[in-house]
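Peer 1: need a 3D model of the sequence below.
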Amino acid sequence: MNERCKILKSQGECIYNLGLGQSPFPVPTPVVNALRLYASEKDYLPVRGLPALKEAVADFHRQKDNLSASADNVIVGPGSKELMFILQLVYYGEIIVPTPAWVSYVPQAQILGKKVRLLHTTFNDKWHITAERLARFLESEQDVYRPRILILNYPGNPDGLTYTPTELEEIADVAREYEVILLSDEIYGQLHHRGEHVSVARFYPEGTIISSGLSKWCGAGGWRLGTFTFPPDLDWLLEAMATVASETYTAVSAPIQFAAVHAFRGGIAMERYLWHARRLLSALGGEFAGILSEAGVRVHAPEGGFYLFLDFSPLADSLSRRGIADGVTLCERLLSERGVAILPGSSFGRPASELTARVAYVNFDGAKALAASETIPLHQKLPQDFIPQICGDTIGAAREIKSWISEGSRDVEEVNAPVGI
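Peer 2: Residues are numbered from 1 along each chain as shown. Below you'll find the model as predicted:
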């Protein structure tokens, strides 16, 4: 989809690319300055990561998540995606993935020949797995203590939603009862729109691996640095991953690791950056969701990150009359007819026949937006005209989708209208 958008743009088409989930914001200045400072670092670093960085990551989770994390239980990799792949490689059990899910969980398992179990969630459950549903599923397998990893991702890609502390505690209780390991992908944790992210490790510290990194909350996706933080009881998995890491990527780029120390240590500049990013994403996501809700699309207001997961099923009849019966066709038509690129729900593990799609509302100038937000005190709401002015293309895309839906509804009404005598 991203390549098609580039081709269409080169042909002079007006394209709203809401397909690629990349942070719109620049890497914070203190972190960029640190990278400049350490650019001359050239030696191989320890396989598990730079000691100062591992300590910074552990302290990050101690301060942010109220956990007793230890630097000895941290591993640094070239992106959390690579660490997830290696975890699945060394783990001998099956993988449980609630859907909709990030696009790479299942393909990674399939590449490795792992058994994957998909748990489809619903709009009414906010695309979340519930503790009750998880318990029923584990009980139904008639081998309740087989080795398993359940992947949780929140705030979520592709849904932009998060779990409440109560929901997390209930899921943790079930995981503990059935001895399920949790891989908690919290890469968007610091982009919780109210700054209230809670790690499930708080309720299940002995069985939770926390995944984090720089790509989302620090805007440094291209730097390729991810972290896993393990509990002491799972050190055997950490050891196995470190062995594979030694024989594959060896170590993450030295300058990147030195710079990442400054990112994880935080400070006033980092906190201001995050609070302005959260305010912008919350306001923009809420406005985008409101426009589509008016058009009849089912969508939850986002709670974190920069995604919306759209459910077009209330419009199924009118879409069917236009020859649209699944998410792939819907996205193809929306791109060809209105120049709006979004991704079908089937890319995120949903049934192929489902009329769902993901929006990544990031097609705006993040540096410009942050600079404009800096002029407005954080305790104040953004002015009503702020988002349309600063994120005009993104709001324009939402209005294009709404107009496309309305146009189709009018066409159907005209076809069905009685003919006058």
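Peer 1: from what I can see Tyr188 touches Gly304, true?
Peer 2: Yes - the pair Tyr188 / Gly304 is scored as a contact, 5.5 Å apart, by C-beta atoms under 8 Å. No exception for glycine: its C-beta is placed from N, CA and C like everyone else's.
Peer 1: look at the two and report which has more neighbours.
Peer 2: Neighbour count, other C-beta atoms under 10 Å: between Tyr188 and Gly304, Gly304 has more, with 29 against 25.
Peer 1: compute the distance between that one and Thr250, please.
Peer 2: Counting by C-beta to C-beta, to the nearest Å, the separation of Gly304 from Thr250 is 34 Å.
Peer 1: equivalent analysis for Leu18, please.
Peer 2: Computed as C-beta to C-beta, the Leu18 to Thr250 distance reads 37 Å.
Peer 1: between these two, which one's more packed in?
Peer 2: Leu18 (29 against 11).
Peer 1: next up, the contacts around that one.
Peer 2: For Leu18, the contact set (C-beta atoms under 8 Å, 6 or more residues apart in numbering) comprises 340-342, 359-363, 394, 397.
Peer 1: any chance of JSON lines for those residues, columns neighbour count?
Peer 2: Shown next, in JSON lines, are the contacts of Leu18 (neighbours: other C-beta atoms under 10 Å):
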{"residue": "Val340", "neighbour count": "25"}
{"residue": "Ala341", "neighbour count": "23"}
{"residue": "Ile342", "neighbour count": "23"}
{"residue": "Val359", "neighbour count": "32"}
{"residue": "Ala360", "neighbour count": "24"}
{"residue": "Tyr361", "neighbour count": "25"}
{"residue": "Val362", "neighbour count": "22"}
{"residue": "Asn363", "neighbour count": "22"}
{"residue": "Thr394", "neighbour count": "25"}
{"residue": "Ala397", "neighbour count": "26"}
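Peer 1: residue nearest the centroid of this protein?
Peer 2: The centre of the chain sits closest to Asn157, judged by C-alpha atoms, centre = their mean, with a distance of 3.0 Å.
Peer 1: the closest residue in space to that one that isn't next to it in sequence: neighbouring residues, count only.
Peer 2: In space, and not counting its chain neighbours, Asn157 is closest to Trp102: 4.8 Å by C-beta to C-beta, 6 or more residues apart in numbering. Counted with other C-beta under 10 Å, the neighbours of Trp102 add up to 21.
Peer 1: for the one 5 residues further on, same thing?
Peer 2: With neighbours defined by other C-beta under 10 Å, the count for Pro107 comes to 11.
Peer 1: tell me which helix or strand it sits in.
Peer 2: helix 105-111 (DSSP states H and E).
Peer 1: so what touches that helix?
Peer 2: Residues from elsewhere that reach helix 105-111, judged by C-beta under 8 Å, 6+ apart: 81, 84-85, 88, 95, 97, 115-116, 118, 151, 349.
Peer 1: if I read this right, the residue nearest to the centre of the chain contacts Gly305, doesn't it?
Peer 2: Yes - in this structure Asn157 lies within contact range of Gly305 using C-beta under 8 Å: 6.4 Å.
Peer 1: low-confidence ranges, the chain, go.
Peer 2: 409-421 (pLDDT under 70).
Peer 1: thought the residue nearest to Asn157 was touching Ser347?
Peer 2: No - here Trp102 does not reach Ser347: they are 9.9 Å apart, not a contact under C-beta under 8 Å.
Peer 1: which residues in the stretch 201-350 of the chain form helices?
Peer 2: For the stretch 201-350 of the chain, the helices defined by DSSP state H, counting those that start in this stretch cover 235-247, 254-265, 268-294, 316-320, 327-338.
Peer 1: so which elements touch the third one?
Peer 2: Other helices and strands packing on helix 268-294, by 3 or more C-beta pairs under 8 Å, 6 or more residues apart in numbering; DSSP states H and E, are helix 29-37, strand 307-311, helix 366-373, helix 386-390, helix 392-416.
Peer 1: contacts only, for the residue lying closest to Gly266 once chain neighbours are set aside.
Peer 2: Among residues not flanking Gly266 along the chain, Phe60 sits closest, at 7.3 Å (C-beta to C-beta, 6+ apart). Contacts for Phe60 were tallied using C-beta under 8 Å, 6+ apart; they are 212, 264-266.
Peer 1: top of these by neighbour count?
Peer 2: Most neighbours among the contacts of Phe60, by other C-beta under 10 Å: Ser212, with 29 neighbours.
Peer 1: buried residues, stretch 383-399. List them.
Peer 2: For stretch 383-399, burial by neighbour count (16 or more other C-beta atoms under 10 Å) applies to 386-387, 390-391, 394-395, 397-399.
Peer 1: can you check stretch 368-383 too?
Peer 2: In stretch 368-383, counting by 16+ other C-beta under 10 Å, buried: 369-370, 372-373, 382.
Peer 1: so which of these would you say is closest to Ser406?
Peer 2: Leu382 (27.4 Å; C-beta to C-beta).
Peer 1: is it true that Arg278 touches Leu191?
Peer 2: Yes - look at Arg278 against Leu191 with C-beta under 8 Å: they come within range, at 6.3 Å.
Peer 1: among those two, which residue is more densely surrounded?
Peer 2: Leu191 (24 against 19).
Peer 1: so how far is Thr130 from that one?
Peer 2: Relative to Thr130, Leu191 is positioned 24 Å away (C-beta to C-beta).
Peer 1: for Ala263, same thing?
Peer 2: Using C-beta to C-beta, one gets 34 Å for the distance from Ala263 to Thr130.
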